[in-house]
Structure formats: C-alpha cells, structure tokens
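# Provide a 3D model corresponding to the input given below.
(2 chains)
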Amino acid sequence: MKRRGKPTRVPALVESSPLRRFDPRVKFAASLCASLAVMLPLDKLAIFLAAYLAVMAAFRLLGPVLRQIWRIRWVLLFLFLGDWWLVGLDLAVLVSLRIAMLAGVFTLFFATTTPGEFGLALESLRLPYRYAFSLSLTFQSLNLLGDEWIAIREAQKSRGALPELRGWKSLLRQVGDLVSLTVPMVVLATRRAWAITEAATARGFDSPRRVAYRRLAMSPADWVFLLCAVTPTLFLWWV
Amino acid sequence: MTEILRADQLSFRYPQHSAGLEPVSLSLEAGEGLLVSGPTGGGKSTLARCLAGLIPHLYKGTFSGTVWVGDLRTDQTPLWRLSELAGLLFQNPAFQMLAHSVEEEILFGLENLGLPRAEMRGRLEETLAFFHLEDFRARSPHTLSGGEQQKLALASILARQPALLVLDEPLSMLDSTSALELIDLIRDRFSQGTAVVACEHRGEYFTGLPAMRGVYIGPPHTGAKSGLPALPPAPWQPSGCDLLAEGVTVELGGKMVLDNLSLRVRAGQVTALAGRNGTGKTTLLRAFASLQSCAGKMVALSDGLEEKPQPGLVFQNPDLQLFNASVRAEILYRIPNPDLSWYAWLIEALELTVYEHTPPLLLSEGEKRRVALATILMRRPRHGILLDEPALGQDARHKAILIRLLQELAAQGCLVLLSTHDLELAAQTDQMILLGSGGILAQGPSREVLDHAAAWQAAGLVRPQWMVLT
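Model (predicted):
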C-alpha cells in the first residue's frame, strides 16, 4: 500500500559515509557555506551544484540528497512553470536550482550527525544544556512525528473517517478531514512531549551536578575539511 | 533495617476532574517490595508519581500528606536531588527513550549524577553487561522491541543505583518471557537492598517474589467477571466471512516479519493471536486490514467467493482515532442514517452510557479503548473486527467487559481476531494462533494451544506457573 501524506523527514543517518566521523560543527559550517551558494548567478550556481553533487557522491550521500530534492518535486515544478510563464526560462531555472540546492545542502549535516552530536555541538557553541538537549530531542523526534502522522491516517481510514475519494470532491473532503488528523496529532505530540519531560526529570535532568561524558574536540582532519569547505565558496564569490 | 520510603495520609486530586488518589499511608524498608493493585483510574499511576516526587513538582492539583524518600521530603526537595534516591519506570517504554543510542540512553542518567568520567564508564559497561545489552550499544532505542526498550529503560534507571525503585505498570507491554525476565531483575534488586514499589494489573507475575507484599487502592472490588450481566442479542447479523491468508510474506526494513504464512481465521469465533514481541502479530492484522502491502494471497471468503478483506481494525493506541467533542459524536461520526438501536446496544455493552456527552479525550485509557472499539463496530465492518492488543493496561473488569462483547459478536457470526500478550485474556478465547519467528507454531482451540508446551518453548515464551496450574 502506498503511504500518502508523509511529512518531510530528517534524512536517515548514513553510517557508511566518511563524513560521519567529522566534528558536527565543521559539517554544520560546511552546510552553511554551501547554502550561501544559492546567491550565485545561474552559471556559477550550476557549476557549484554539479560540484556539490559530485562531492556528495564521493561521500556516499548522493542518494539522501536526491531524495530530499525529490520530496519537494511538486513545489519545484510549480515554481518552475510559474516563473517560466510569468518571467522567463532563465529565472525559472535559477529559482528551481536555488530551491533544490537549499533542500539538499543540509543533508550533509543531518545525514551524518546524530541528535546527541547535534546537542554537543550546540553546547560547545555556548547554548545552555537544557536548550541544547531540547533541540536535539526535537531533531530526534521529527521522524517519530512522521510515523505518528502515518499511523493516524491509517487509524482514521480504518474507522471510515478518511474515505477514498478522487478529484475535487476529494480535495474538499480532505480539508474537512484535517480536524480528524490534526487533533490526534496534537494530542499525541503533547503526550509524547510530556512523557519525555517526566522520563528526563526522573533521571535527574537539570541537575546542577551534571558532567558531560563526551566532549567535542577538533582534530587536524576537521580543520582540513573546514578549509576545503570554505575555500570553494569564497573562490566562487571572488571570481 | 533502614526505612527508605514513608508516606503519611498521602492524597492528590487533579484540578479538572475528580480522579486522583485517596489518602494512603505506607512505608518500606531496604530490600522490601510493595505490589500496588487496583482498578484502572484508581490512582496507581498517581501514587507512583507522588512517591517519585513528580507530584507535586510537575503536576498542578491538591496535594496533601507527606512523602519521605530516605531523609528527603519530596515536596520540599528539588526533583534532580530526589531522582538520585528514587528511580521511576513508566508504563510505555517507547515514550521514555531520550537518546539516539542505547549507550547514550544509559549515560544520560549517569551524567546527571555528576560522576567522574571513569566511574560513568565503569557503570555503563557494568549495566550493559548485566542487562545483556552489549550488542545493542550503538543501536537506536527506537529500533528495539517493546521488551528490549523496557529493559533498557530499567537499565538506565538502575545504573544510577537508586535506593527506591518505583515501577508504573512495567509489565503491561511485555510478553510473558520479557515480563518474567523483568521479575528476575527485580528479585536481584531486592538482594542488593533496593526497595521496590510496583503498580501493576498483572499482579500474578509477582507471586514468585516473597519480599513483595500487596496493597489495594481505588474503589472497592466490583466483581470483575461474576458481576457483569449477560448481554441481549446484538442487533447485527454479520456476513460470516472467514479471512484467508496464503503464502503471505512481509519484509520491513530488510527484516522478514512474515514469511510464507498461511492461515484461515473463521467467523463465529474469538481467535487470539499470541507470540513474542516482534513476531509480526500487528503486521498480520495490518495486512488483513489492507494497511500493509504483502506478497501472497489475502482474501475474505464467503460461500466460496473471494473478496478483498474489509475488516475493521482497532488500533493499539486509541488516541490515534479519537477527536470529536463527545462520545456520541465520535461513535456516529460520518455515518449516514445511523442505526440508533445498534448504537444503544453498543454503548450499553461497552458501559459507555454515562459518558455519552463527555469528550472522549478526557476519558481513562480503558474507556477510550472502548470508545475506539465502538467507532469501528458502529460501521458494521463487512468482514469482522481485528483488535491490536486490546487488553493493554486494562484491569480485570475492563477485560471482562471486552471479552463479553467479543463473545456475543462471535455468537452472532462475526469474525473476531485479536493480538495479545495477555495470556489470561487469550485463555478466554475460542481459538488461538501461536506465532513464532518462523511462522505458526500452534493453532487450534485455545485450551489445547495453551497446553502445547513444545510450541511455547519454540516460541521462546515462558508459560507462567500460574497459567499452567489453572
């Protein structure tokens, strides 16, 4: 059965990627640099995108990047056709490439970083632990929310609350069905958040005595990678 | 002996409804245990939260009396400090997972104790070894089975070495083998001098722990089985279709969950699907309900004609289905020209009449489950009903209401298939299918399957002593 209505998800962790072992701060900086490339003109952007995809292929991340772009295919198509019709082909291509680039660049970070490492990176950037922990939990929970959304759709369908309809009738009905999906979603998300709060508190969350077991430390390889990530962006801007 | 826990005239009332905890006093010394029983909504979970200090710190309401854990008074001590002495294990293991890996899950609690790194490492390795979790250390807790998750949650708490362990329905989501493993772990904690409070419906599992004494909280016993009157005949004539699966194969995430499975579930009987966590019980129900793609043949059979199966599936979690403003609106949602005699029969049979105008989301878990079942039945599903773990966290009375209804529907010719790891419930069904990792291990009348010792052994399921004796 085809699962529909799946919300956008965080890419799954790619353990086999060589980027997996790099410092999360470096990977985040690399993603940020790549995202700046969206401001480049069309010819340079095309070169950068091609180079980026080649680098992602080398790091075994091409699949996750393309999947992220594929998830927004309808948005891309809509923008492409709209811009082409209203302005011209050049702008349509440029805008589509920019959106595709933005969708793909942070895969470098999210597909190679665990929520725990994400939290450590935030802590090392001086964010207080309670906020860093909350953000890393949010990062971790995005896919769980996606699973719950699917489960709610199935449960409503099973009780006949989401009939299979086609065409405009289906669209109108789906607007009406939103309440049958969103109320359980809000209830479940609230319950999960509350249960997590209880579980964390019962294990001493917010203790002033906390000592982190792991700490991040930049290795020479991390510095080299950071240099390799920043240089091409600067070069393209300069040239 | 050292007194670990003392509660004097402890009571709590939630602000928006009357449910809460009636005054209770208790005390516990090191190495002692207390089994708290009582009906759903009787205050067991509230008591657990009071003893661990989550109430009154995290909950608003009227708290009275005192609770001492060691020499700390819970309402006057910060939670992080209390958590060093009292560990609390919750009912739903999946909701307790905080980290991305098993190792980090255990480390979370150790970091909050402020231990030196070397000691954290030592306790981590010791805990992983004791709970046989070494092979899972890098795995995401969300990929573990329910039993493994509950074991991990307990490991994360016990690594902190609390003097008091409070367990809130720790067995409700576990199969019998995982449940008995947990009991062994609790026995071990007694020998270490830990005091244990367990709030649990499935109290029979604790009979092997002599250090455990019992206490009942909540309204007086209502006579779970004998007190229920017989139901009038259901105003529904189901089609009487069987469900047939032939060579059904389902692969999920690279794992073969169902492998070339063939079975026929007959109408007019209540059939239980039993097996260890992760053997594909839910997947099979989903496949019958056309929610899971599978290879092989899956049909409803009526008078030799094959149709696409269209049974109603009642999900494990009722919160997935409920959203209306009242129980009545929920059950009648988008049913054109509803048969109100059928509706009246359903709410009577499920004891929901008094809640007709109450928002379903305000009901207890047991009541919500009954509403979810009513929403499915109201549509008179063409090919019977499937129920995924309907007895989860239910007390004896709720189970009795459920089984009475299912037996009546079966008597009218309806197909009823339920998955369960509650062997007490399974024993009350007509037929049982025992699933193992390799497929069906036994199938037939429930009594015969329950007596089939070799099949249970092959399933990796322990038949508890109380079940064998009865």
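
# rest of the way, CA atoms for contacts and neighbours
Will do.

# for whichever strand or helix holds B:E348, give me every contacting residue.
Element membership for B:E348 (DSSP states H and E) is helix B:340-349. Helix B:340-349 is contacted from outside by B:L231, B:A234, B:P235, B:W236, B:I331, B:T353, B:A374, B:M378, B:I401, B:L405, using CA atoms under 8 Å, 6 or more residues apart in numbering or on different chains.

# buried residues in that helix?
Using 16 or more other CA atoms under 10 Å in any protein chain shown as the test for burial, helix B:340-349 gives B:W342, B:Y343, B:W345, B:L346, B:I347, B:A349.

# so where's chain B shaky on pLDDT?
Low-confidence segments of chain B, defined by pLDDT under 70: B:1, B:17-18, B:220-227, B:393, B:464-470.

# before we move on, the earlier item: from the contacts of helix B:340-349, list just the buried residues.
For these, buried by 16+ other CA under 10 Å: B:A234, B:I331, B:A374, B:M378, B:I401, B:L405.

# got a list of what residue 97 touches?
If you meant another chain, say so; for now it's chain A. A:L45, A:A46.

# ah, no, chain B please
Applying CA under 8 Å, 6+ apart to B:M97 gives the contacts A:I196, A:A199, B:E105, B:P141, B:H142, B:Q149, B:A153.

# strands - which of those land there?
Among the contacts of B:M97, no residue falls in strands (DSSP state E).

# count the residues that sit near the closest residue to A:V38 other than its chain neighbours.
Nearest residue to A:V38, sequence neighbours excluded (CA to CA, 6 or more residues apart in numbering or on different chains): A:R98, at 5.1 Å. Close neighbours of A:R98, defined as other CA atoms under 10 Å in any protein chain shown, add up to 22.

# do the same with the one 10 residues further on
Number of residues near A:L108 (other CA under 10 Å) recorded here: 25.

# ok, B:L113 next?
Using other CA under 10 Å: B:L113 sits among 23 other residues.

# and what of B:K255?
8.

# please report how far it lies from chain A.
17 Å (CA to the nearest CA, to the nearest Å).

# quick one: contacts for that residue?
By CA under 8 Å, 6+ apart, the contact list for B:K255 is empty.

# tell me the bridge partners for it.
Applying DSSP bridges to B:K255 gives these bridge partners: B:L252.

# what's the answer for B:V248, then?
Under the criterion used (DSSP bridges), B:V248 bridges to B:L261.

# what's the local residue count around it?
Neighbour tally, B:V248, other CA under 10 Å: 20.

# tell me the contacts of it?
Neighbours of B:V248 in contact, by CA under 8 Å, 6+ apart: B:L258, B:D259, B:N260, B:L261, B:S262, B:C294, B:A295, B:G296, B:K297, B:M298.

# try it again with 6 Å
By CA atoms under 6 Å, 6 or more residues apart in numbering or on different chains, the residues touching B:V248 are B:N260, B:L261, B:A295, B:G296.

# just B:P360 next, same as before
B:S326, B:V327.

# which parts of chain A sit against chain B?
Contact residues (CA under 6 Å from any CA of the partner chain) of chain A with chain B: A:1, A:152, A:155-156, A:158-159, A:180, A:183-184, A:195-196, A:199, A:202-204, A:207, A:209-213.

# PyMOL command for the buried members of those?
PyMOL command restricting the residues of chain A next to chain B to the buried ones, with burial defined by 16+ other CA under 10 Å:
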select buried, chain A and resi 152+155+156+158+159+180+183+184+195+196+199+202+203+204+207+210+211+212+213
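
# can I see the domain layout of chain A?
The record's domain parsing of chain A by automatic domain parsing lists A:12-113+A:214-239, A:127-206.

# what is the nearest of the contacts of helix B:340-349 to A:T233?
When these are ranked by distance to A:T233 (CA to CA), B:I331 comes first, at 59.6 Å.

# does that closest one touch B:I376 like I think?
No: with contacts counted by CA atoms under 6 Å, B:I331 stays clear of B:I376, the gap being 8.0 Å.

# now for chain A: which helix has the highest residue count?
Counting residues, the longest helix found in chain A (DSSP state H) is helix A:167-202.

# list the buried residues of that one.
Buried residues in helix A:167-202 (16+ other CA under 10 Å): A:174, A:177, A:180-181, A:183-185, A:187-189, A:192-193, A:195-202.

# assign a three-state SS to the residue nearest to A:V38, would you?
Classification of A:R98 by DSSP: H, G, I helix; E, B strand; the rest coil places it in helix.

# and it, how far is that from A:I69?
Counting by CA to CA, to the nearest Å, the gap from A:R98 to A:I69 is 11 Å.

# how about the helices in chain A?
Ranges of helices in chain A, per DSSP H, are A:24-36, A:42-58, A:62-71, A:73-86, A:89-105, A:107-110, A:115-124, A:129-158, A:167-202, A:220-238.

# ok so, going back, can I get the helix holding B:E348 in PDB, CA atoms only?
What follows is helix B:340-349 as a C-alpha-only set of coordinates in PDB (Å, rounded to 0.1, in the frame of the first residue of the first chain):
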ATOM      1  CA  LEU B 340     -29.600   4.000  16.700                       C
ATOM      2  CA  SER B 341     -30.700   0.700  18.200                       C
ATOM      3  CA  TRP B 342     -27.200  -0.700  17.300                       C
ATOM      4  CA  TYR B 343     -25.700   2.400  18.800                       C
ATOM      5  CA  ALA B 344     -27.700   2.000  22.000                       C
ATOM      6  CA  TRP B 345     -26.700  -1.700  22.200                       C
ATOM      7  CA  LEU B 346     -23.000  -0.800  21.700                       C
ATOM      8  CA  ILE B 347     -22.800   1.900  24.400                       C
ATOM      9  CA  GLU B 348     -24.700  -0.300  26.800                       C
ATOM     10  CA  ALA B 349     -22.500  -3.300  26.100                       C
END
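
# what is the distance between it and the centre of its chain?
Helix B:340-349 has its C-alpha centroid displaced from the chain centroid by 27 Å (CA atoms, centre = their mean, to the nearest Å).

# so B:P359 makes contact with B:S326?
Yes: at 4.1 Å, B:P359 counts as touching B:S326 under the criterion of CA under 6 Å.

# separation between B:E200 and B:V215?
Per CA to CA, B:E200 is found 11 Å from B:V215.

# which one's more surrounded, those two?
Counted by other CA under 10 Å, B:E200 and B:V215 do not tie: B:E200 has more neighbours, with 26 against 13.

# columns distance to chain A and secondary structure on top of the buried ones among the contacts of helix B:340-349, output as CSV?
What follows is the buried ones among the contacts of helix B:340-349, written out as CSV (distance: CA to the nearest CA, whole Å; DSSP: H, G, I helix; E, B strand; the rest coil):
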residue, distance to chain A, secondary structure
B:A234, 20, coil
B:I331, 10, helix
B:A374, 10, helix
B:M378, 9, coil
B:I401, 21, helix
B:L405, 19, helix
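
# which one of these sits closest to A:F80?
B:I331 (45.8 Å).

# disregarding residues adjacent in the polypeptide, which is nearest to that closest one?
B:T375 (4.4 Å).

# looking at this, that neighbour is in a helix?
Yes: under three-state DSSP, B:T375 falls within a helix.

# what's the local residue count around it?
29.

# do B:P232 as well
B:P232 has 10 neighbouring residues, counting by other CA under 10 Å.

# sorry, back to before: turn the contacts of B:V248 into JSON lines, columns for neighbour count.
JSON lines is the format used below for the contacts of B:V248 (neighbours: other CA atoms under 10 Å in any protein chain shown):
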{"residue": "B:N260", "neighbour count": "16"}
{"residue": "B:L261", "neighbour count": "18"}
{"residue": "B:A295", "neighbour count": "15"}
{"residue": "B:G296", "neighbour count": "15"}
